[in-house]
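Undergrad: What shape does this take:
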Amino acid sequence: MRKQDLPITLEVCVDSLTSAQLAAQGGAHRVELNAALELGGMTPSIGVVEQTVATLEPMGCEIIAMVRPRPGGFAYNTEELAVMRCDIDRLLEAGVDGVALGVLAADGTIDEQTNRALIDPVLRAGKQAVFHRAFDLTPKPIAAVDDLIALGFTRILTSGQAVTAIKGADSIRQLIEHADNRIEILPGSGITPDNATQLIRETGCNQVHASLRSTVTDAMGVLNPAVRFNLPGMQENTYSRADAQKVKAMLDVLRAIEP
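TA: Numbers count the residues shown, from 1 in each chain. I've put the predicted structure just below:
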């Protein structure tokens, strides 16, 4: 892990090798590696994972890999769970520091049996098990925290069940107080250098999860406007990636926060 020079850990959400490199160059302590962030994050390819591990490991930046086989919810069937188990095995073999996943029952409660089976190899390998923002859909968050502690999860990523972490700050504070250092609470969603100080003061959190991205134009441009590949509303010749300067700006803000 990268040596901490401030009391607040910064995790940056990325979806490519280039973004991971930029986040680490900017000083991020940890990245959450995904594919398809525009869909909420999916399992990254093993090629991206292996290259990211090879690049970031010497830089001391931790890598948490997303394990999510499809968009659209978090209640998975037998075939999807088999894919997730296989992905976890391959991700651990590739050398990630942990995985982020989450399985809910049809009523939104934590599917304890399924989550236990999925994170068992992660914990046996001495790696981090993160319950992602599926947590924000569960109807009884305090009870869910206790369930995840009992299962052995390392960390919960949450917006406090609100559209952004700032709007969910009161709930995040309650979760942190209830967790009482038995599990880490990682606020995420809409956190920027402009609101990070407010969030940390209102919640008492010691880590934040942010995207810190900029839009990049593809060198090819738009060759045929009649043909579309992206989701509706998305530009065909642009994409977003981590911005090292924004990461540095966030770290400057975090350094200025008095412990």
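Undergrad: Now the element after the biggest helix by length in the chain, going C-ward?
TA: With secondary structure taken from DSSP state H, the chain has its longest helix at helix 78-94. Per DSSP states H and E, helix 78-94 leads on to strand 98-101 as the next helix or strand towards the C-terminus.
Undergrad: Alpha carbons of stretch 32-40, as PDB, please.
TA: What follows is stretch 32-40, C-alpha atoms only, in PDB (Å, rounded to 0.1, in the frame of the first residue of the first chain):
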ATOM      1  CA  GLU A  32     -11.500   0.500  -7.700                       C
ATOM      2  CA  LEU A  33     -11.000  -1.100 -11.100                       C
ATOM      3  CA  ASN A  34     -14.100  -1.600 -13.200                       C
ATOM      4  CA  ALA A  35     -15.400  -1.900 -16.800                       C
ATOM      5  CA  ALA A  36     -18.400   0.100 -18.000                       C
ATOM      6  CA  LEU A  37     -18.600   2.800 -15.300                       C
ATOM      7  CA  GLU A  38     -21.500   4.300 -17.300                       C
ATOM      8  CA  LEU A  39     -23.500   1.200 -16.200                       C
ATOM      9  CA  GLY A  40     -22.500   1.500 -12.600                       C
END
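Undergrad: Next, the buried residues of it.
TA: Buried positions in stretch 32-40, judged by neighbour count with 16 or more other Cβ atoms under 10 Å: 32-34, 37. Just so you know, the C-beta spots here come from the backbone N, C-alpha and C atoms, and that holds for glycine as well.
Undergrad: would you turn these into CSV with secondary structure and distance to Lys248?
TA: Compiled in CSV, the buried residues of stretch 32-40 are given as follows (DSSP: H, G, I helix; E, B strand; the rest coil; distance: Cβ to Cβ, whole Å):
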residue, secondary structure, distance to Lys248
Glu32, strand, 19
Leu33, strand, 20
Asn34, coil, 22
Leu37, helix, 21
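Undergrad: thinking again about what came up before, got the CA positions of the longest helix of the chain in PDB?
TA: These are the backbone C-alpha positions of helix 78-94, laid out as PDB (Å, rounded to 0.1, in the frame of the first residue of the first chain):
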ATOM      1  CA  THR A  78     -27.000 -19.800 -10.500                       C
ATOM      2  CA  GLU A  79     -25.200 -19.200 -13.800                       C
ATOM      3  CA  GLU A  80     -24.300 -15.600 -12.900                       C
ATOM      4  CA  LEU A  81     -23.000 -16.700  -9.500                       C
ATOM      5  CA  ALA A  82     -20.800 -19.300 -11.200                       C
ATOM      6  CA  VAL A  83     -19.300 -16.500 -13.400                       C
ATOM      7  CA  MET A  84     -18.700 -14.400 -10.300                       C
ATOM      8  CA  ARG A  85     -16.900 -17.300  -8.500                       C
ATOM      9  CA  CYS A  86     -14.700 -17.900 -11.600                       C
ATOM     10  CA  ASP A  87     -13.900 -14.200 -11.900                       C
ATOM     11  CA  ILE A  88     -12.900 -14.000  -8.200                       C
ATOM     12  CA  ASP A  89     -10.500 -16.800  -8.600                       C
ATOM     13  CA  ARG A  90      -8.900 -15.300 -11.700                       C
ATOM     14  CA  LEU A  91      -8.700 -11.800 -10.100                       C
ATOM     15  CA  LEU A  92      -7.000 -13.200  -7.000                       C
ATOM     16  CA  GLU A  93      -4.500 -15.100  -9.200                       C
ATOM     17  CA  ALA A  94      -3.800 -11.800 -11.100                       C
END
